[in-house]
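Enquirer: Build me a model from this:
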Amino acid sequence: MADTGDMQALVYEGVETLVMRAVPKPVPAAGQSLVRTEASGICGSDMHAYLGHDDRRPAPLILGHEAAGVIEGGARDGTRVTINPLVSNPTSTASRAGRENLCPERMIISMPPREGAFAQYVVMRDENLIEVPDHVALDKAALAEPLSVSWHSARLGLAALDRALGQNALIIGGGAIGLAAALALKAQGLDDVTIAEPNEARRAYLRDACDQHVVSSGAGPYAMVVDAVGHAATRASASALCAPGGVIVHIGLGEDTGGLDIRRMTLQEITFIGTYAYTPADFRDTCAAIFDGRLGPLDWTAARPLTEGADAFAEIRAGSIAAPKTILHPWS
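Expert: As a prediction, the model looks like this:
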């Protein structure tokens, strides 16, 4: 960052401590653009850092990687864009195989040395900026990143699913990733999807505002189980509720170990798929699905000014926000 003026940013300064302050405005390098951030979503990984559970995100740091905005300056000045925050080395073996999300040199904004998007401006390389049509609100465009995570996981899970053995799915966890997984599975052709969510207010929101089939806990068996939480307890549920010959798709990163019933999974030939992020192709496909309406109205967000970001994090921590996704507005 060069000293060319300041901007306002929400800075993570320690465990459960977020502070609004002036920081230097970023300057794009060659092949990058400066984006005026209009909408930036709070991710579960941001919460993980906020709670002091992510060594990859040490304080002080600007968090946030689910963002959309408007390019300022350069050949694309004024273009509305959503940001693919994941940057990989195009020459790596994984990238050349079309699996850029597994590149050992991958980086994402909101991890050092790349500051995140809970700020009035962010820089990103040009190939990671997808133009947003005028009819799509930028709050919806900011959902492209979490929706891409679930689009990628749904694609992998459906590729492994033997539909002759069953065509139903259970999503464990009704947060943004869990809801997005349900939407992605349906958009990709699997209609019988149930979400298990223990929070009563969240269940009501998913049922009434999002038109989802939601229960407090699954009864099984399910041909596919998607763990969008990633705790030992949810992995135990996944391995118990998955049908013989079924598929467990594991997205959540809540805890590192525990929970899986490996004996049952072995005896019942249950496939386990760990899934991380998305490829650029997944991101583009997700954006296309957002833009043409295949993922629904995407009206399940709660908006707050960035200046209220610390309060929003605290409320999410307390479980008092029913909406699956909170979007922060840096210019409000």
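Enquirer: what's near enough to touch residue 244?
Expert: When contacts are counted by Cβ atoms under 8 Å, 6 or more residues apart in numbering, residue 244 touches 165, 221, 268, 269, 270. Backbone N, C-alpha and C define where each C-beta goes, glycine included.
Enquirer: hmm, I was thinking of residue 63
Expert: By Cβ under 8 Å, 6+ apart, the contact list for residue 63 reads 10, 12, 46, 49, 50, 57, 110, 116, 118.
Enquirer: would CSV of those residues with secondary structure be doable?
Expert: Listed next are those as CSV, based on DSSP: H, G, I helix; E, B strand; the rest coil:
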residue, secondary structure
10, strand
12, strand
46, helix
49, helix
50, helix
57, coil
110, coil
116, coil
118, coil
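Enquirer: Convert the lowest-mean-pLDDT helix or strand in the chain to PDB, retaining C-alpha atoms only.
Expert: None of the helices or strands of the chain scores lower by mean pLDDT, DSSP states H and E than helix 44-50, at a mean of 92. Output of helix 44-50 as PDB, limited to C-alpha atoms (Å, rounded to 0.1, in the frame of the first residue of the first chain):
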ATOM      1  CA  GLY A  44     -17.800 -18.300   9.000                       C
ATOM      2  CA  SER A  45     -14.000 -18.100   8.500                       C
ATOM      3  CA  ASP A  46     -14.100 -14.400   9.500                       C
ATOM      4  CA  MET A  47     -15.900 -15.500  12.700                       C
ATOM      5  CA  HIS A  48     -13.300 -18.200  13.200                       C
ATOM      6  CA  ALA A  49     -10.600 -15.500  13.100                       C
ATOM      7  CA  TYR A  50     -12.600 -13.100  15.300                       C
END
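Enquirer: who touches that helix?
Expert: Counting by Cβ under 8 Å, 6+ apart, 12, 15-16, 18, 54, 57, 61, 63-65, 110, 175-177, 252-253, 313, 316-317 sit against helix 44-50.
Enquirer: which of those residues count as buried?
Expert: 12, 18, 54, 57, 61, 63-65, 110, 175-177, 252, 313, 316 (16 or more other Cβ atoms under 10 Å).
Enquirer: hmm, back to that, need the max-distance pair from the contacts of residue 63.
Expert: The largest separation in those, counting by Cβ to Cβ, is between 10 and 57 at 13.5 Å.
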